[in-house]
Every structure is written in C-alpha cells, then in structure tokens.
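Undergrad: Pasted the sequence and its predicted model underneath.
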Amino acid sequence: MDTTPEEAAQVVALLQQGLSQRAVAAQLHLSQSAVSRVYRRFQETGAFNRRPRTGRHRCTSERDDRFIVSTSLRNRHLTGVDVQQELRRVRQVAVSEWTVRRRLKEANLTPKRPASGPKLTAGHRQARLQFAREHLDWSIAQWRSVLFTDECRVCLHGSDRRGRVYRRPGERFAQCCFAETVAYGGGSCMMWAGISLEGKTALVFVPGGGRGGGLTADRYITDILLGHVVPYAEFVGEDFVLMHDNARCHTARVSRQFLREKELRTMDWPALSPDLNPIEHLWDELKRRVRARNPVPASVDELKTALLEEWDGIPQETVKKLIRSMRNRLQAVIRARGGNTKY
C-alpha cells in the first residue's frame, strides 16, 4: 500500500514517541508492513517521499516530444490522432494516440472546447482596429450620449450548451442522461432594446419576429425609431449618438433617410463586432434570469411575460458596468490586431 508524505511523517512521529508498529498501523488504518516499510525508508534516506522508480521506458525521444508539441502549436485544431499520423509520416515513429495525448499534457496542452466568434476577413479586422483606435480615448461623458441597441431572438426551449450531466461509463444514451430537443426551439420571439449610462429603453417585441418573421426597414422605422429612439434622443439632447449594427433593416435606404431627416447621428460601427456591443452581455443576463425562473415559461406568451419582468428587474448598475467596460473592449481589439476577443 502506497502512503503519502503526510502519512509517512505521521508514522515516523508516532514510532519515535514509543508506539509499536502494530499500534501505529491500527491508529492510521495502515498495514503493519506498510508502517515497517515507511520507517525503514526514513532510516535509510531521511525523507518521507517514495524512492524514485525507473518506470517504463519512454517510447519517444526528446526530439519526438518536441515535434509533437510544435505540431500541435502550429495548428491547435489537430486531434491526437492527427498528430500521431503526422509523427509517423515525418519521423517514422509509431506510437499510440494516447501517448501523443500524454506528451501534450506534459506540455500543459489539454483539449478544450474552442471559443467561437464571427469569421473575420482582413477588411473586417482593419475596420475593427481603426474603430478601436479612434474611440480608445473616449471619456465616460462621451459614452454617456451613446444609445447601444440590438435585436435578439429567444427560443422557448433554447439552450446555451452550458449544461452538464453526471453519468457513468456507458450511460451516454441512457434516458436519464439524455437532453431532449424541440423542433425550432418550441417557438421564439424577437425583441429589441437599447441601453445607455442613463438608463435602458423598454423591451420591444418585433411583430412576426418568431419563426418565418423578422425585422424589416419599415417596422424598424415605425415600431422602434419613431416609438423609442426619437424620444430617447430628445431626452439626451443634441449630443445623442445611435449605435446600431449593420443589419439590413438598419442600413436600408429608407432607414438612413429617416435618420437624416430627424438629424439623428449614428456611430460608424464596424461589421461583425458583437464583442464591442455591451448589450450582448445584457442579453445573456436576461436569458439566464428567464431560465432560472420556477416554473419556466411553457408557452411563447409566458416567455414574453417573463422577458418583460426580468428586463425591468435588471439593475441599472449592471448596465453601467457593461458600458464602462468599453475601454477594455477596445484595448482587447487592439491587442488582437482587430481579431475576435474574449468579450
């Protein structure tokens, strides 16, 4: 029976106090042979750790190990089998995929679920980088006049894929460990909202925003711009700036013409940049609040009611923290040279 260094230290201490090996073994729930072996090892080495063992001979050399690690670092999406085959092709070394995984683990390379984000072209990266540099030195007073807006679709039986299940080997497809899905999420609704340092707008449900529907330019003007953005701009004053992304209903000719007529300034927002919009994190907070309700919504109407109640319940301090993180978001884009960030 192997003992830990702590157990070995207890064995030696008790024996030096005059206890017999049989008494020490009974007190520490060890065998008498284990106690004898620990004490003999202590007398020979003066240490509580086990002697180093030779172990099984490694089937890869140091050069093979470096090749395995460098191959994985050059392409992080390669599997253990891919690296194994590359090692066999280049260095004519045949090892198991488990050996490859152990060598990668020794280099602190373990498989994880990759972070995801929009596919960015060189033009997208350049635009994001330019936007970050231009707005990096903006003060809180300047961000105070910006209304961050966005649309979001919520499914009745949606999943954020964060759920886990505890199971034994061979129970992957057991019914108690199975996560059932519903076609098209069981129904959905699309909503729009805006946030700023001063407050947040009402949550607006887009008519026909469920399956097969969407937000058109006409609906965007009548239901959102006229009903919510224009009054909010009058509340903020002449420094008001509207932030909306490059969705078709936002960039349509009639939408741009309406904004010019109302003299509403818009922020030149880089495409494919959800990580720069703080309201995206508020959508996640809203969805978590709805999923945590007991009982959970059972119909689309109940889902809308829950969304409205939870939206009103989000404190303004949460919104302020998200908007105050704009400088950190911009710095992250600059460090990533316009690429995707953790936000």
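TA: Noted; the coordinates are in hand.

Undergrad: Would you agree residue 93 falls within a strand?
TA: No - the assignment for residue 93, made by DSSP: H, G, I helix; E, B strand; the rest coil, is coil rather than a strand.

Undergrad: pLDDT wise, what is the nearest residue in space to residue 205 that is not next to it in sequence at?
TA: Of all residues not flanking residue 205 in the chain, residue 191 sits nearest, at 5.3 Å (CB to CB, 6 or more residues apart in numbering). Just so you know, the C-beta spots here come from the backbone N, C-alpha and C atoms, and that holds for glycine as well. pLDDT, residue 191: 93.

Undergrad: how would you label residue 191: helix, strand or coil?
TA: Classified using three-state DSSP, residue 191 is strand.

Undergrad: If you tally nearby residues, what's the number for it?
TA: 20 (other CB atoms under 10 Å).

Undergrad: got any ranges where the stretch 101-250 of the chain has weak pLDDT?
TA: 159-163, 184-185, 208-213 (pLDDT under 70).

Undergrad: Can you tell me who the residue nearest to residue 205 pairs with across the strands?
TA: Bridge pairing for residue 191 (DSSP bridges) gives the partners residue 152, residue 205.

Undergrad: Am I right that it is in contact with residue 150?
TA: No - the pair residue 191 / residue 150 is not scored as a contact, 9.6 Å apart, by CB atoms under 8 Å.

Undergrad: nearest spatial neighbour of residue 242, skipping sequence neighbours?
TA: residue 266 (4.8 Å).

Undergrad: Please report the distance of that neighbour from residue 228.
TA: Distance from residue 266 to residue 228, counting by CB to CB, to the nearest Å: 15 Å.

Undergrad: Tell me which of the two has more neighbours.
TA: residue 228 (18 against 15).

Undergrad: Quick check: the more buried one touching residue 199?
TA: No - contact criterion CB under 8 Å: residue 228 and residue 199 do not qualify, at 12.0 Å.

Undergrad: May I have the residues that are in contact with the residue nearest to the spatial centre of the chain?
TA: Central residue of the chain (CA atoms, centre = their mean): residue 115, 6.6 Å from the mean position. Residue 115 sits next to 340, 342 when contact means CB atoms under 8 Å, 6 or more residues apart in numbering.

Undergrad: Doesn't it lie inside a strand?
TA: No - looking at residue 115 with three-state DSSP, it is coil, so not inside a strand.

Undergrad: quick one, phi/psi of it?
TA: phi -70, psi 150 (degrees, to the nearest 10).

Undergrad: Any figure for the gap between it and residue 228?
TA: 33 Å.

Undergrad: ok, now residue 91?
TA: 64 Å.

Undergrad: First-to-last residue distance for stretch 238-254?
TA: 23 Å (CA to CA, to the nearest Å).

Undergrad: mind listing the strands for the stretch 51-200 of the chain?
TA: 146-155, 188-195 (DSSP state E, counting those that start in this stretch).

Undergrad: closest one to residue 277 among the ones you listed?
TA: strand 146-155 (5.8 Å; CB to CB).

Undergrad: elements contacting that closest one?
TA: strand 188-195, helix 230-236, strand 241-243, helix 279-291 (3 or more CB pairs under 8 Å, 6 or more residues apart in numbering; DSSP states H and E).

Undergrad: Need those in TSV (columns: distance to residue 336).
TA: Formatted as TSV, the helices and strands packed on strand 146-155 follow (distance: least, CB to CB, whole Å):
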stretch	distance to residue 336
strand 188-195	24
helix 230-236	31
strand 241-243	21
helix 279-291	17
